[in-house]
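Trainee: Coordinates only, no sequence provided:
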C-alpha cells in the first residue's frame, strides 16, 4: 500500500500525510511539481519529528512516477461513482490524491484503475485532502490486514 500525492500545493497537508505514512508504515510518493519546497517550514511543522521516519519517494513527473510505481492506481476523487467502502482493496494498491486546488488532469483520471469517492451529506463538496486520505487509507489497511503491529501496553 502506498499514498501518492499528485502535484500537491499545500505543505501542511503534505506534512500531515508524511506523518500519517510514518506512523502507519505506508510509503508516500510526491509527484512534482509541488507548490512548495520540501524544506518548507509549514510542511515541517505539520510533519513534526515524524518526517525522518517517513518513507518518501519524489518523482519529477507523472511519467517518472508511473515508471517507478506500476501498481494498481486507485484515484480518490469527488467525480467518482463508487464509494470507497464498497471497493475491494489489494495490498499493493497506490492511493492517489490530486492537488488541493486542481485535482488531477483527465489523462491521470483515465490512467487510474479505479476511481473512488467518499460519500458526503448533500450540499457538501469535499473533505480536507489529508482527512480524506486518512479515511480511505484506514479502510484499505483494514481490508488488507496491513495495520502495524501494536506494541504491548
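Mentor: It's in. Quantities reported herein were computed from a predicted structural model and do not represent experimental measurements.

Trainee: only C-alpha atoms for contact and neighbour calcs from this point on.
Mentor: Fine.

Trainee: what's the offset of the helix or strand containing residue 135 from the middle of its chain?
Mentor: Secondary structure from DSSP states H and E places residue 135 in helix 129-143. Chain-centre distance of helix 129-143: 8 Å, with Cα atoms, centre = their mean, to the nearest Å.

Trainee: Pull out the buried positions in that helix.
Mentor: 129-130, 132-134, 136-137, 139-141, 143 (16 or more other Cα atoms under 10 Å).

Trainee: ok, of those residues, which one's closest to residue 8?
Mentor: Ranked by distance to residue 8 (Cα to Cα), the buried residues of helix 129-143 are led by residue 129 at 9.7 Å.

Trainee: any idea which helix or strand comes after the least confident helix or strand in the chain by mean pLDDT?
Mentor: Ranked by mean pLDDT, DSSP states H and E, the helix or strand of the chain with the weakest confidence is helix 41-47, at a mean of 63. Next in sequence after helix 41-47, counting helices and strands by DSSP H and E, comes strand 56-59.

Trainee: surely residue 26 meets residue 57?
Mentor: No: counting by Cα atoms under 8 Å, residue 26 does not reach residue 57; the two are 11.5 Å apart.

Trainee: which of the two has more neighbours?
Mentor: Taking neighbours as other Cα atoms under 10 Å, residue 26 and residue 57 compare with residue 26 leading, 23 against 13.

Trainee: what about the strands in this structure?
Mentor: Assigned by DSSP state E, the chain shows strands spanning 2-6, 28-31, 56-59, 73-76, 82-83, 94-97, 114-117.

Trainee: Any regions of this structure where pLDDT drops low?
Mentor: By pLDDT under 70, the weakly predicted segments of the chain are 37, 39-48.

Trainee: Next, count neighbours for residue 127.
Mentor: If we define neighbours as other Cα under 10 Å, then residue 127 has 12 of them.

Trainee: For it, give its distance to residue 53.
Mentor: Distance of residue 127 to residue 53, given as Cα to Cα, to the nearest Å: 26 Å.

Trainee: before we move on, what about residue 85?
Mentor: On the measure of Cα to Cα, residue 85 and residue 53 end up 29 Å apart.

Trainee: of these two, who's got more company?
Mentor: The neighbour comparison of residue 85 against residue 53 (other Cα under 10 Å) goes to residue 85, with 16 against 13.
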